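1. curious how this folds, go ahead:
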Amino acid sequence: MSEYYFDETLFKKNFSVKDDKSIDSYRLKQEPDKCFKLFPYKATARKSSPIVYELEECVSAFFRKVLEISAEPIEYEKLCKKIQNNIEIEEDDIDLFKDIIRALFFKNGNFYGYNIGLYPYQMIADNNSSEGIAEFLYCVLGLDDSDKENIIAAVKSYSFNALEKMVVNSIEIQNSTPKVRNEKYYKIIRSIQKQFKADFAFMLSSGMTSVEDLANVLSFYYFYYVSQTCLTLDKFGNGNHEQLKPLYFALDWEKVSKNRKCCEDGWTNLQNNVSQMFSHAITLKIINQKNNSEMMDYIDFKSLAELSEENDIKISNEIKRAETTYISYIGDCAKIKNIPKEVGANLTDGAIRHLFKCVNTQFTDTDRRRASQLYSEKFSEFCKKRFVKNRKKSGLTLNLTESDIIFLTKLAIQHDEKIRLNDLYQEYESRGVYLDSTSKSLLQDFFTKLNLIEKKSDSGDAQYVKRIL
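-> Coordinates of the predicted model:
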């Protein structure tokens, strides 16, 4: 795109502007999940949009997205009847047969599959939020037909028992016709998809397909993508789609002091970035009310402005026009009209930063602050449950449990028999997990206790971690 024009008519439509209300009132609706889809959250209370704490809830929906399968809830009686029609069974044994089906394939009245062939047909979680996160991960992690084929191959190679085969054959599979999606989630971070796809392919080919393992890989990459997106957004035009900021973790069992990397460059800083995600979602929605449908982020706007000085002036003026239009409908926040000028990488970046400050101000100085909190807590509360530990005097830190370490190490080594210790740290980092020297030393001790260290010298380059079976 060579030119950018803010479309006020489109803005009024997508923000549900009320021109008939008093100018000193709040006269629009701010719904960040429309037009520019950034995160899979709603600024509503937990009752209407529950927080997803465990990504086990998302595995089935994620598989349906990749396989392009539409599934309806499987009814117990109908399933039993279908299986009965395909087998010979004595009348006296029917009740026992049905009890077995219920015990093995139903949980709290919902169908539950314990193997990869049945995951897409689970409809357990009565939570649209888990469906939304599955859709989000499918989009931002860049899954495509190659991943679909990998799942199909894994299902074909899975050893089903006779009863499982009957269940699979009895489930009606409705293949969805692929649809052109006009509202895909916009990818801010574009450097982690290749690693995820490699890890996912390895897991499918190696039999690491339990719900726990699949939830683990989705959890790590969910955290990785969203956290880095928040960090990148706060850099505005100076951000980078490829270059990421290290986030340091601590091992679950170690003692931590405040001067450690895990305290200085971990959760403490990240949570400030996470708290602004709603304001970024609204800002990006505003500046994407424009003359064409091509979505753009802050980095894209800066790059477009850099094509020429004339471009920079024109785009920055259009951003200012967008801001003027926007704040004219926020009549209940006087401070929004007195925000000091922002300096950015260029005029366009400065104009976007100023618009963001206007957006953010009303979410800190009016009763709409609750909307921002409800939106960001959908991610922050997941993090606190899954990856954060309270170290008391040292505060909250990102945390790795023993099971996390074993899981990451399996991904790092994959089909090899061993890996250099220093290379293992780099593999962790390629998945968003950084450790300082103290944590690395304790991790080495952990592997030594498990008899997984093969030592040729005391040098990290001459020490290997053996494959975990």
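2. burial of A45, as a residue count?
-> A45: 10 surrounding residues under other Cβ atoms under 10 Å. For glycine as for every other residue, the C-beta is placed from the backbone atoms N, C-alpha and C.
3. count the neighbours of the nearest residue in space to it that is not next to it in sequence for me.
-> Excluding the flanking residues, the one nearest A45 by Cβ to Cβ, 6 or more residues apart in numbering is L374, at 6.3 Å. Per other Cβ under 10 Å, the neighbour tally for L374 reads 19.
4. can I get the helix or strand encompassing L374 in CSV, CA atoms only?
-> In the assignment (DSSP states H and E), L374 maps to helix 369-386. Output of helix 369-386 as CSV, limited to C-alpha atoms (Å, rounded to 0.1, in the frame of the first residue of the first chain):
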residue,chain,number,x,y,z
ARG,A,369,-10.6,1.1,33.5
ARG,A,370,-12.5,-2.1,34.4
ALA,A,371,-12.8,-3.0,30.8
SER,A,372,-9.1,-2.8,30.3
GLN,A,373,-8.5,-4.9,33.4
LEU,A,374,-11.0,-7.6,32.4
TYR,A,375,-9.4,-7.8,28.9
SER,A,376,-5.8,-8.2,30.1
GLU,A,377,-6.5,-10.5,32.9
LYS,A,378,-7.6,-13.2,30.4
PHE,A,379,-3.9,-13.6,29.7
SER,A,380,-2.2,-12.5,33.0
GLU,A,381,-4.3,-14.9,35.1
PHE,A,382,-3.4,-17.8,32.8
CYS,A,383,0.3,-16.8,33.2
LYS,A,384,0.0,-16.6,37.0
LYS,A,385,-1.6,-20.1,37.1
ARG,A,386,0.8,-21.7,34.6
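5. going by neighbour count, which residues in it are buried?
-> By 16 or more other Cβ atoms under 10 Å, the buried positions in helix 369-386 come out as 371-372, 374-380, 382-384, 386.
6. also stretch 209-224?
-> Neighbour-count burial for stretch 209-224 flags 209, 211, 213-224 (criterion: 16+ other Cβ under 10 Å).
7. one step back: which residues are in contact with the residue nearest to A45?
-> By Cβ atoms under 8 Å, 6 or more residues apart in numbering, L374 lies in contact with K42, A43, T44, A45, R46.
8. pretty sure the first one contacts D33?
-> Read it as K42. Yes - counting by Cβ atoms under 8 Å, K42 does reach D33; the two are 6.4 Å apart.
9. just the mean pLDDT for stretch 462-469, thanks.
-> What stretch 462-469 shows for mean pLDDT is 88.
10. which outside residues touch it?
-> 406, 409-410, 413, 416-421, 424, 444, 447, 452-457.
11. what are the ranges of the strands in the protein?
-> Under the criterion DSSP state E, the chain contains strands at 69-70, 106-107, 110-111, 174-175, 249-251, 388-390, 396-400, 418-420, 453-455, 463-466.
12. lowest average confidence across the ones you listed, which one?
-> Mean pLDDT values for those show the minimum at strand 174-175, a mean of 56.
13. and L469, how many residues sit next to it?
-> By other Cβ under 10 Å, 4 other residues sit near L469.
14. please renumber so the chain begins at 7
-> Yes, from this point I'll number from 7; that puts the last item at L475.
15. give me the distance between it and R437.
-> 21 Å (Cβ to Cβ, to the nearest Å).
16. again with G138
-> Distance of G138 to R437, given as Cβ to Cβ: 24 Å.
17. how about stretch 193-209: buried residues?
-> By neighbour count with 16+ other Cβ under 10 Å, stretch 193-209 contains the buried residues 193-195, 198-199, 201-203, 205-209.
18. can I get the CA coordinates of it in CSV?
-> Listed next in CSV are the C-alpha coordinates belonging to stretch 193-209 (Å, rounded to 0.1, in the frame of the first residue of the first chain):
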residue,chain,number,x,y,z
LYS,A,193,0.5,-11.8,13.3
ILE,A,194,2.7,-9.3,15.2
ILE,A,195,5.4,-11.8,15.9
ARG,A,196,6.6,-13.8,12.8
SER,A,197,9.7,-15.6,14.0
ILE,A,198,8.4,-18.4,16.2
GLN,A,199,6.0,-20.2,13.8
LYS,A,200,8.7,-22.3,12.1
GLN,A,201,9.9,-23.6,15.5
PHE,A,202,6.4,-24.4,16.6
LYS,A,203,5.6,-26.3,13.5
ALA,A,204,8.8,-28.3,13.9
ASP,A,205,8.0,-29.1,17.5
PHE,A,206,4.4,-30.1,16.6
ALA,A,207,5.6,-32.3,13.7
PHE,A,208,8.1,-34.0,16.0
MET,A,209,5.4,-34.7,18.7
